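Undergrad: Sequence and predicted model, in that order:
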Amino acid sequence: MKLMKSVDKVLAQMGSSKATKRAYTEPLTAEQTKQIPGEQIAISETGGIWAGIQELNGYMFMELIVLDTTKIKTFKGATLKFLGENELTLTSDSKELKSDFSDLFNRWLTQISVEVSKKDLNFIKKKKYTQVELNVKKKSLLFDVKK
């Protein structure tokens, strides 16, 4: 059985989503999540989303780190939807997104940068949403708000 888990880990690092789900079903610990920079804004069974704010030349950017068992690789960008009573949709600043596998978390880490306004930040900080949906290509990842 241990041999099969090792094979699944190798296949997962090569990008197999089925092998990733089989190999990395253990939950993240609080110790592990403390090592991720930023504030956790959403959570799922397999990971979460962390965010930090950065200002460059008068423009505000939200730097996101998505931790999940899903590998992301695209040249078409991503959209991030904050779902709730009102909706907020943000588009990634860069069209090229690529996940890196993290041995520490046994999951894929994806960095995404989005431009935000003060109104958008107010919406996010006041947590006027219940779920966060990340759409990349034909994949849709759904995260719940961390309470």
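TA: Thanks, I have it. Keep in mind the model is a prediction, meaning the values are calculated, not measured.
Undergrad: use CA for all of it now, contacts and neighbours both
TA: Will do.
Undergrad: for this structure, what spans make up the strands?
TA: 39-43, 48-56, 59-68, 73-74, 78-83, 88-91, 97-98, 100-102, 107-116, 131-136, 139-145 (DSSP state E).
Undergrad: how about low-confidence regions in the protein?
TA: 1-34, 147 (pLDDT under 70).
Undergrad: which non-adjacent residue is nearest the residue positioned nearest the centre of it?
TA: Within the chain, one residue has its C-alpha closest to the average C-alpha position: by Cα atoms, centre = their mean, that is V66, at 1.9 Å. Using Cα to Cα, 6 or more residues apart in numbering and skipping residues adjacent in sequence, the residue nearest V66 is I49, 4.6 Å away.
Undergrad: which residues does the one you found bridge with?
TA: A42, V66 (DSSP bridges).
Undergrad: surely it meets L64?
TA: Yes. Assessed by Cα atoms under 8 Å, I49 is found in contact with L64 at 6.7 Å.
Undergrad: any idea how far D100 is from T89?
TA: Going from T89 to D100 by Cα to Cα, to the nearest Å gives 25 Å.
Undergrad: what's the burial count for the residue lying closest to T79 once chain neighbours are set aside?
TA: The spatially closest residue to T79, leaving aside those adjacent along the chain, is T91, at 4.5 Å (Cα to Cα, 6+ apart). Other residues within reach of T91 by the criterion other Cα atoms under 10 Å amount to 18.
Undergrad: Could you verify my assumption that T91 touches L80?
TA: Yes. If you go by Cα under 8 Å, T91 and L80 touch, sitting 6.3 Å apart.
Undergrad: ok, back up a step: what sits against the residue nearest to the centre of the chain?
TA: G47, G48, I49, W50, W108, L109, T110, Q111, I112 (Cα atoms under 8 Å, 6 or more residues apart in numbering).
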